[in-house]
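>>> How does the following fold in three dimensions:
(chains A and B)
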Amino acid sequence: MQDSSDNGRHRFLNRFRIHPTNADLVAYRDGELPPANHARIKEHLQHCKRCQKETLAIEEDLLLFNHLAGEVEVQPEIEAELLELQRAMDDRIMEGPAQAPSGNELQVSPTILASISKELAIYLGARAAEKLMARMRTTMFSVEDLVGNVGPLMVSLLGDRGGSAVAGRVAMLCKTTSTQAPGSVTQ
Amino acid sequence: MTDISMRTSVHSYSRFILVLMILQVSVGIALHFVWVLTGNWAWLSAYFGYPGTLYIVFLDALKLWLCIVAWKQFREKKSLGSAWLTISLAMGFALAGDVLKQWLCVNTYINPLHYLWPVWNASVAHDLQVWGSTLTGPVFMAVLALGLFLGLQHYRKIGMLGRLRSYDFVLVGAAGIYALYVLSTVVRIALNKPSLLGIDWVLTWPNDMLLAVLLLEAILLFRTTVDMGQGYIALAWGAFAVAIFLTSVESVGQWLTAYGYFPYPENAVMWYFWYVWVAAFALGPAYQVDAIRIAESRAVNGRWFGRGSSIPHALSGRLFG
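I've put the predicted structure just below:
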């Protein structure tokens, strides 16, 4: 049962160009994923440039950490760059995590999801929008990921301006709804 | 449920086409009753010759323009852009064909050839009609079938393609059997009475085969539309499905009339059917362009999108504004 659910999710990830989270990629890199998930992310990485770049960025971060831990020796000219990168990372850590924590549910409140579903229903139809939201709920994404994945889908159906406008409207709905109902966004 | 107030907040090409179609058919039916009651054919003849022709050519031009507007929105390769480009091409052939078939080959006062020719040249007019029928028949249908195939392919890729029900296969099977029957008739005549074969007849042979292919696509589009609900994008493809169903019904009606199974006055309904399916084809791109305009309008109203709509408001803005 779990396996068929994973397969469904994987098909959905590929179909809508939805990407694994950074936590997934780190776990993949460290070989901590179950074999089935490992194989799926490996397949995804073969054709997804965005995730390839993300993996490289993770590798850079890990290289920096290893260097700071004294595990790797680097040339002096690179050391200055690494220190600068470390400072930037410190800043980022102070700002809080960039990604929502990995979980089994979409990290967005039901109110926001209902607003987005209503918005998408204008273009796709009510059933298609509900189906899309139901699929999204089973994936592990933040508001940004949701907007980032609704955008390409709508661009592919409506064209650049129309699709971007829908993505912008969805982003605005997320912002407005979360402002109106503080704490409704779980991330 | 989709919020209807959201959907109707922008001037709509689809509404304009629906209103135009209802007006056209209503006037036709009214004049039909005048003819039945008074026996005066002149009004109905003028209706088919003038407003009828202008309606068809105008809607052909409008749907071509709307298709081009829809196509120009796409830059991404993995999108409906290629489908809309191919459909635009098909609509271009439909316009060219209807200009020849509905306008230039009929001796009316709105036909420029009426003034250019000292005497009406029936032979050339017949040739124009043959080439017009070819463009609006097999050429249009083949290119449209390709465009709809590309659209369906995209829906399959994004996981929104509807599924055929078991009884759908009965309809597709019936259309296929009918196409094979027509093919066998054509082969029989070609072998036994080749003298009967005229170019005008030969050029329309692929029509039924192509209609069977289009019907299969239409059923898939219809299922996709029903499965998706009634959003604008779904309605755009649903309109093509309805247009193809109506074309098939019209084709069957013609066949029944030719073999005497559908005599007058019952078959008079087919005279006005034409206007409905021409409008249905125009509704496809109209819903698509409406969807884009609504998306842009809602983004502007929500103060997210700083610019105006990329879709010209000239036509519907003037008519409904």
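
>>> and the helix or strand in which residue B:191 is found, which residues are buried?
Per DSSP states H and E: residue B:191 is located in helix B:166-192. Neighbour counts over helix B:166-192 (16 or more other C-beta atoms under 10 Å in any protein chain shown) mark B:168, B:171, B:172, B:175, B:176, B:178, B:179, B:182, B:186 as buried. In short, each C-beta sits where N, CA and C put it, glycine included.

>>> residues touching the second one, list them.
With contact taken as C-beta atoms under 8 Å, 6 or more residues apart in numbering or on different chains, residue B:171 is in contact with B:215, B:219.

>>> how close does it get to chain A?
23 Å (C-beta to the nearest C-beta, to the nearest Å).

>>> ok, now the third one?
For residue B:172, the distance to chain A equals 24 Å [C-beta to the nearest C-beta].

>>> so what's that residue scoring on pLDDT?
For residue B:172, the pLDDT comes out at 82.

>>> Residue A:123 is in contact with residue A:158, correct?
Yes. Between residue A:158 and residue A:123 there is a contact at 6.7 Å, judged by C-beta atoms under 8 Å.

>>> Any chance you could list residues touching both of those two?
A:166, B:233, B:291, B:295.

>>> Which elements pack onto the helix or strand encompassing the last one?
Counting by DSSP H and E, the element that carries residue B:295 is helix B:269-301. Other helices and strands packing on helix B:269-301, by 3 or more C-beta pairs under 8 Å, 6 or more residues apart in numbering or on different chains; DSSP states H and E, are helix A:110-124, helix A:143-158, helix A:160-180, helix B:4-7, helix B:13-38, helix B:51-72, helix B:81-98, helix B:232-258.

>>> ok, of those helices, where does mean pLDDT dip lowest?
Across those, helix B:4-7 gives the lowest mean pLDDT, at a mean of 42.

>>> Check the gap between the closest residue to residue B:72 other than its chain neighbours and residue B:235 for me.
Nearest non-adjacent residue to residue B:72, counting by C-beta to C-beta, 6 or more residues apart in numbering or on different chains: residue A:159, 7.8 Å away. Taking C-beta to C-beta, to the nearest Å as the measure, residue A:159 falls 17 Å from residue B:235.

>>> next one: residue A:23
Counting by C-beta to C-beta, the gap from residue A:23 to residue B:235 is 41 Å.

>>> out of those two, which sits in the more crowded spot?
residue B:235 (24 against 15; other C-beta atoms under 10 Å in any protein chain shown).

>>> thinking the residue nearest to residue B:72 is in contact with residue B:69, fair?
No. Counting by C-beta under 8 Å, residue A:159 does not reach residue B:69; the two are 9.6 Å apart.

>>> more crowded one of the two?
residue A:159 (29 against 22).

>>> What values do phi and psi take at the more buried one?
phi 100, psi 180 (degrees, to the nearest 10).

>>> Likewise for residue A:32?
Dihedral angles for residue A:32 - degrees, to the nearest 10 - are phi -100, psi 0.

>>> Residue B:50 too?
Per degrees, to the nearest 10, the backbone of residue B:50 is at phi -110, psi -80.

>>> residues in contact with it?
Counting by C-beta under 8 Å, 6+ apart, the residues that residue B:50 touches are B:108, B:109, B:110.

>>> Just the C-alphas of the helix or strand hosting residue B:227, formatted as PDB.
Assigned by DSSP H and E, residue B:227 belongs to helix B:206-228. What follows is helix B:206-228 as a C-alpha-only set of coordinates in PDB (Å, rounded to 0.1, in the frame of the first residue of the first chain):
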ATOM      1  CA  PRO B 206     -11.100  11.400 -46.900                       C
ATOM      2  CA  ASN B 207     -13.700  13.500 -45.000                       C
ATOM      3  CA  ASP B 208     -15.400  10.500 -43.300                       C
ATOM      4  CA  MET B 209     -12.100   8.900 -42.300                       C
ATOM      5  CA  LEU B 210     -10.900  12.100 -40.800                       C
ATOM      6  CA  LEU B 211     -14.200  12.700 -39.100                       C
ATOM      7  CA  ALA B 212     -13.900   9.300 -37.400                       C
ATOM      8  CA  VAL B 213     -10.400  10.300 -36.100                       C
ATOM      9  CA  LEU B 214     -11.800  13.700 -35.000                       C
ATOM     10  CA  LEU B 215     -14.700  12.000 -33.300                       C
ATOM     11  CA  LEU B 216     -12.300   9.800 -31.300                       C
ATOM     12  CA  GLU B 217     -10.400  12.900 -30.300                       C
ATOM     13  CA  ALA B 218     -13.600  14.800 -29.500                       C
ATOM     14  CA  ILE B 219     -14.700  12.000 -27.100                       C
ATOM     15  CA  LEU B 220     -11.400  12.100 -25.300                       C
ATOM     16  CA  LEU B 221     -11.600  15.900 -25.100                       C
ATOM     17  CA  PHE B 222     -15.200  15.600 -23.800                       C
ATOM     18  CA  ARG B 223     -14.200  13.100 -21.200                       C
ATOM     19  CA  THR B 224     -11.300  15.300 -20.200                       C
ATOM     20  CA  THR B 225     -13.600  18.400 -19.900                       C
ATOM     21  CA  VAL B 226     -16.100  16.400 -17.800                       C
ATOM     22  CA  ASP B 227     -13.300  15.000 -15.600                       C
ATOM     23  CA  MET B 228     -11.800  18.400 -15.100                       C
END
